[in-house]
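> The sequence and its predicted three-dimensional model are supplied below.
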Amino acid sequence: MQKIFPASAFVRYDGGYPDAGKKKIFFLYDEEDDPSDIECLTASCDQRFRKIGHRDILGALMHLQIDRHSFGDFWIEDDRIWLYTAGSMAQFLIDNLTRIGQLTVSFERTDERPSRPVNTRRFDAVVASERLDALVAGICHCSRKQAKEMIRQGLVQVNHTVLEEPDEVCHNNVTISIRGNGRFIYRGILRETRNGRICAAFEQFI
């Protein structure tokens, strides 16, 4: 969507906080219009005896048989669950999202708009160049042919925009998202190898 409708005075994206991974697009009648209906829900969760994770929350949401586009980012932080959703779904989730795994939870609306904490791990990979297909091949430990196919299938985003051509040159600190593999930041070239390849630095969101 961002490729077709770039953000402007009349096109806005909102996921509840600036760096949200999932956002909703709004088409405005005028620059003063503010139609965003994103709400933040929160629930406490006592994990002393039973632990839950991201997959448990996603599973509970999917069990409600709702469209995956009905909710945005969610995470657990300090025994508290945070969940962004469209305003039209907020009350439904409050009423029906009452169990996650073996834990009983009770969601409520909040005026807080927290950002998802970012945890990363650093790793290096030897790649042929700074072309997108070479970087994807290095990240996924696959051939450049396979990387090109992933890009052409629309499985790869650079700075949250889908790129369909593999020859795009990436610059330092771009975010590369690969469906099924995760989200990464390309930090740049560390050094060149003797055979003309480069050792590139990455950070993976975990």
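Noted; the coordinates are in hand. Since the model is a prediction, treat every value here as computed from it, not as a measurement.

> Can you list the strands that the longest strand seen in the chain pairs with?
In the chain, with assignment by DSSP state E, the single longest strand is strand 182-192. Strand pairing for strand 182-192, determined by DSSP bridges: strand 174-178 (antiparallel), strand 198-205 (antiparallel).

> what's next to the shortest one, contact-wise?
Strand 174-178 has contacts (Cβ atoms under 8 Å, 6 or more residues apart in numbering) with 132, 135-136, 139-140, 150, 155-160, 170, 183-186. No exception for glycine: its C-beta is placed from N, CA and C like everyone else's.

> Quickly run through the sheet partners of the helix or strand bottoming out on mean pLDDT in the chain, with directions.
When the helices and strands of the chain are scored by mean pLDDT, DSSP states H and E, strand 161-162 comes last with a mean of 84. As defined by DSSP bridges, the strand partners of strand 161-162 come to strand 156-158 (antiparallel).

> what residues go with each domain of this protein?
For the chain, whose domains are defined here by automatic domain parsing, the residue ranges read 34-110, 120-205.

> Make a markdown table from those and add distance to Tyr17 and mean neighbour count to it.
Conversion of the domains of the chain to a markdown table gives the following (distance: least, Cβ to Cβ, whole Å; neighbours: other Cβ atoms under 10 Å):
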| stretch | distance to Tyr17 | mean neighbour count |
| --- | --- | --- |
| domain 34-110 | 8 | 15 |
| domain 120-205 | 14 | 16 |
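
> Relative to Lys3, which of these is closest?
Among those, domain 120-205 comes nearest to Lys3, with 5.2 Å by Cβ to Cβ.

> Quick one: end-to-end length of the closest one, please.
End-to-end distance for domain 120-205: 4 Å, by Cα to Cα, to the nearest Å.

> same thing with stretch 104-124?
For stretch 104-124, the first and last residues are 42 Å from each other (Cα to Cα).

> returning to that earlier point: now do the longest strand of the chain, average pLDDT.
Looking at strand 182-192 alone, the average pLDDT works out to 94.

> Stretch 78-96 too?
Summarised as a single mean, pLDDT over stretch 78-96 is 95.

> Show me the contact partners of it.
Stretch 78-96 is contacted from outside by 15-17, 20, 22, 24, 37-47, 57, 61, 64, 66, 70-76, 100, 105, 107-109, 114, 116, using Cβ under 8 Å, 6+ apart.

> hmm, 7 Å instead?
Residues outside stretch 78-96 that contact it (Cβ atoms under 7 Å, 6 or more residues apart in numbering): 15-16, 20, 24, 37-47, 57, 64, 66, 70-75, 105, 107-109, 114.

> Give me the subset of the residues you listed lying in strands.
Filtering the contacts of stretch 78-96 for membership in strands, criterion DSSP E, returns 24, 38-44, 71-75, 108-109.
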